[in-house]
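In: for reference, the sequence and a predicted model appear below.
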Amino acid sequence: AKQEGRELEPAALNLIALLGDGSYRDALGALQQVFGATAEKMITADLVATVSGAPANELILQFVEGLVSSNQAMSLTAIQESAKLHRDPRVFLKLALNAIRQAMFLKFAPAVGRELIAPLGAAERGFVEALAARPESSSLSLILRELLVTYEELGRSYLPELPLELAVLRIAGLLLKKHE
């Protein structure tokens, strides 16, 4: 980035790394795609999301909020909004898994959690901190486990978002049983 005369905010780097899925070549490709799409000197997470086709952070936070608060309509609406914009459900779920994992660490291993949320933007960091502090956050591991199972199912449906929608309903049922 420095060779190109560009600067990346930490949240943008975090998103590029996540999109790279552990592959240096894929992350570099995502970065080059962003550089090719704009002459902006400062590369933001919103810009990376727009260029890469990642869902808006607001949709991810809405989805997670709906899961934790057992508001199925909120989570399902976030999925539908992302689908209308032709966003990849795998990327959507990856971003949600990341946010939930960060909140879980912040709750159960605060020192590690602080390291994980350091590169986040202010809004996302605030959301994760508030999520970890909520009484319902004790269910984050249950939600995370269900979503991990769903991640494996995503490629098997002719409706790409269907496994994610079904996961919302499964999680709501599990949380209801847990609180009875």
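Out: Nice, thanks for sending it over. Numbering: from 1, shown residues only.

In: use CA for all of it now, contacts and neighbours both
Out: Will do.

In: the nearest residue to I60 once chain neighbours are set aside: how many residues sit nearby?
Out: Of all residues not flanking I60 in the chain, A96 sits nearest, at 5.7 Å (C-alpha to C-alpha, 6 or more residues apart in numbering). By other C-alpha atoms under 10 Å, 21 other residues sit near A96.

In: confirm A96 sits in a strand?
Out: No: under DSSP: H, G, I helix; E, B strand; the rest coil, A96 sits outside any strand and is assigned helix.

In: going forward can the numbers begin at 709, since that is how I track them
Out: Let's use 709 as the start, then, which means that last one is A804.

In: which residues touch it?
Out: Taking C-alpha atoms under 8 Å, 6 or more residues apart in numbering, we find A804 in contact with I768, L769, F771, V772.

In: highest neighbour count among those?
Out: Tallying neighbours with other C-alpha under 10 Å puts V772 at the head of the contacts of A804, with 28 neighbours.

In: for that residue, helix, strand, or coil?
Out: Following three-state DSSP, the label given to V772 is helix.

In: doesn't S783 make contact with it?
Out: Yes: when contacts are counted by C-alpha atoms under 8 Å, V772 is listed as touching S783 (6.9 Å).

In: does anything pack onto the helix or strand where V759 lies? Which helices or strands?
Out: Applying DSSP states H and E as the criterion places V759 in helix 753-760. When contacts are defined as 3 or more C-alpha pairs under 8 Å, 6 or more residues apart in numbering; DSSP states H and E, helix 753-760 packs onto helix 718-728, helix 732-745.

In: any chance of the ones you listed in CSV, plus mean pLDDT, distance to K885 and mean neighbour count?
Out: Shown next, in CSV, are these (pLDDT from 0 to 100; distance: least, C-alpha to C-alpha, whole Å; neighbours: other C-alpha atoms under 10 Å):
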stretch, mean pLDDT, distance to K885, mean neighbour count
helix 718-728, 82, 33, 20
helix 732-745, 86, 41, 16
